[in-house]
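what shape does this take:
(chains A and B)
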Amino acid sequence: MLDRKFIVENAALVKENCARRNSKADIDRFVALEMDRRKKQQDVDELNRKANEKASSIGKAPADQREALKAEGRALREQCDAAKEELAKLDAEVDGLQRSIPNMSHPQAPVGGDDQSNLEIKKGKHAPPKFDFKPLDHVQLGEKLNLIDFDAGAKTTGAGFYFLKNDAVLLELALQQYAVNMLMAEGFTPTITPDLARNEVLHGTGYIPRGPETQIYSIADSDLSLVATAEITLGGYFADTILEEEQFPIKMCGISHCYRTEAGAGGRASRGLYRVHQFTKVEMFAFTTPEQSDEMLEYFRDLECRIFDGLGIAYRVVDTATGDLGGPAYRKYDLEAWMPGRGNGGEYGEVTSTSNCTDYQSRRLGIRYKKKGEKGTHFAHTLNGTAVALSRAIIAVLENYQQADGTIVVPEVLRKYMGKDKIGG
RNA sequence: GGAGAGGUGGCUGAGUGGUCGAAAGCGCCGGUUUGCUAAACCGGUGUACGGGUCACACCGUACCAUGGGUUCAAAUCCCAUCCUCUCCGCCA
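Numbering: from 1, shown residues only, chains lettered A, B, ... in the order given. Reported below is the predicted structural model:
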């Protein structure tokens, strides 16, 4: 979320930003309510001061005066309680509005209402493969080679779930190792995170469990949800912590399962593994100072490119338009890999995404840092990026590396992890 | 799951319901001393919000796991929740 003071002092800017981002957040109302809240806070402080004063005078007063003083104290405390109640109401309302306001946007992010305005900024090292046969999509390949079983997933769990089988399992593990090894070499601390998180942490990272359009599965009778990405748990890792400036940048990566309800996502190009309720992901995360975060975003983007260049898969990178950024992101790059089985004769499909969330998440999560020799604290910047989303990476590998004889060549970089150079045949 | 113990400042650890934002020690920062380092000594050392200031200073309020309650007054009493530790049981 944005800083309250910032919103009040820059209401025009924030409003403009909301317009670019397709956000209906009511800034005028926020400002008015926040001013009321501040005034009420002052009232409460003043009443508290008086009541405290009264209370401490009672301890020193002679016994015969105490009853009278107590009555006065009681009256003050009642007034104070009433004011507090009003304050709490105002605060809740302000908070609700504040959460609904999206992050500010990078000045160079393309302006536009939706993903049609996303700007392609580069292509990968490799061109899409040319086939002298009609390529299959991953669902057909998965079935032919006995790699993915959607029917069994539907039977045990429901539509949108699946079993990976045989070499698909090795492929998934190989992709994980490939990504994690690269990240470790880059100085990331590898983690395997919890797959569930407290709702408070979800909120802090900008995910809304139990909202009307939520993507999140909630656990009944608890305040836990299944995570939609390790971004949630990694972001929460340093919640309510004051770090030292010298500790930055902190780079972590996390392997987790990701659970998404995909409410209202039916009907789109979501065949097979593309849009599923559960998948595994290796996620990158960084905590930085404000000065470091722009550069870190470029670095994350570069790593994502290296991962797909290394796999020998064609892709393009898009700079996400303001209207398509979501709440927390200040700037976001998506990497879209070539998927020969998608659409009519192949299409690009999103495989990774990296965002600079500036202090939007850390403000709510309470991730702060101190500068040496300076009073007070600053909010850290947080960034996240997909190293590899296994479900979609598997689509890309299967479809791009399929052969005329129905087998699939294992990308060079994965062979040492898979222990073989070919799937099927 | 059962039985117990406990959660206090960066850490360790005191704290009779009023004088406690909280003793003491450690750490850290600044200073003195000193060939250098160390030691010793002196001083300082939480966060947020609001007021105040050119900026400091300063003032107010809140925070002793979290949320409620009792009371004029709660770190201290009561209840609930969460977390940690020990023992027992169960279990991959």
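
and the nearest residue to A:Val201 once chain neighbours are set aside, how many neighbours does it have?
Counting by CB to CB, 6 or more residues apart in numbering, A:Val201 lies nearest to A:Gly236, which is 3.8 Å off, once chain neighbours are set aside. Heads up, the C-betas are built off the backbone N, CA and C, glycines and all. A:Gly236 has 22 neighbouring residues, counting by other CB atoms under 10 Å.

ditto for A:Asn146
Number of residues near A:Asn146 (other CB under 10 Å) recorded here: 12.

what's the answer for A:Gln65, then?
11.

isn't there a strand covering it?
No. Checked against DSSP: H, G, I helix; E, B strand; the rest coil, A:Gln65 lies outside a strand; its state is helix.

tell me the residues of the stretch 301-425 of chain A that contact RNA strand B?
Contact residues (CB under 7 Å from any atom of the strand) of the stretch 301-425 of chain A with RNA strand B: A:Arg368, A:Lys370, A:Gly373, A:Lys375, A:Gly376, A:Thr377.

going by neighbour count, which of those comes out on top?
The residue in these with the most neighbours, by other CB under 10 Å, is A:Arg368 (18 neighbours).

list the contacts of that one.
By CB atoms under 8 Å, 6 or more residues apart in numbering, the residues touching A:Arg368 are A:Thr241, A:Ile242, A:Leu243, A:Ser362, A:Thr377, A:His378, A:Phe379, A:Ala380.

ok, now with 6 Å
Neighbouring residues of A:Arg368 by CB atoms under 6 Å, 6 or more residues apart in numbering: A:Ile242, A:Thr377, A:Phe379.

grab the nearest non-local neighbour of A:Gln403.
Distances taken as CB to CB, 6+ apart put A:Val409 closest to A:Gln403, at 6.2 Å, once the chain neighbours are dropped.

quick check, pLDDT for that neighbour.
With respect to pLDDT, A:Val409 has a value of 97.

same check, this time on the one 3 residues further on
Predicted confidence (pLDDT) at A:Glu412: the value is 96.

how many other residues sit next to it?
Neighbours of A:Glu412 under the rule other CB under 10 Å: 11.

and if you look at the one 5 residues further on?
Applying the criterion other CB under 10 Å, we find 17 residues in the vicinity of A:Tyr417.

tell me which residues in the strand or helix carrying it are buried?
For A:Tyr417, the host element (DSSP states H and E) is helix A:412-418. Judged by neighbour count using 16 or more other CB atoms under 10 Å, the buried positions of helix A:412-418 are A:Val413, A:Leu414, A:Tyr417, A:Met418.

need the contact list for the second one.
Residues near A:Leu414 by CB under 6 Å, 6+ apart: A:Ala174, A:Tyr178.

I'd guess A:Gly343 is in a strand, am I close?
No. Per three-state DSSP, A:Gly343 lies outside any strand segment and is coil.

in stretch A:156-163, what's buried?
Result for stretch A:156-163 [16+ other CB under 10 Å]: buried residues A:Gly160, A:Tyr162, A:Phe163.

state the distance from the residue lying closest to the second one once chain neighbours are set aside to A:Leu226.
In space, and not counting its chain neighbours, A:Tyr162 is closest to A:Gly153: 3.8 Å by CB to CB, 6+ apart. Counting by CB to CB, to the nearest Å, the gap from A:Gly153 to A:Leu226 is 16 Å.

same deal with A:Ser57?
Here A:Ser57 is placed at a distance of 55 Å from A:Leu226 (CB to CB).

next: A:Phe150.
20 Å.

those two: who's more crowded?
Using other CB under 10 Å as the criterion, A:Phe150 and A:Leu226 rank with A:Leu226 on top: 23 against 19.

ok, the closest residue to that one other than its chain neighbours - contacts?
Spatial nearest neighbour of A:Leu226, chain neighbours left out: A:Tyr259 (3.7 Å); criterion: CB to CB, 6+ apart. The contact partners of A:Tyr259, by CB under 6 Å, 6+ apart, come to A:Tyr217, A:Leu226, A:Gln278.

which of those residues lies closest to RNA strand B?
Within the contacts of A:Tyr259, the smallest distance to RNA strand B is 16.3 Å, found for A:Leu226 (CB to the nearest atom of the strand).

which SSE is immediately downstream of the helix or strand harbouring A:Thr382?
Per DSSP H and E, A:Thr382 falls inside strand A:381-389. Using DSSP H and E, the helix or strand that follows strand A:381-389 in sequence is helix A:390-400.

and that next one, what does it pack onto?
Packing partners of helix A:390-400 (3 or more CB pairs under 6 Å, 6 or more residues apart in numbering; DSSP states H and E): helix A:138-144, helix A:167-185, strand A:278-288, strand A:331-339.
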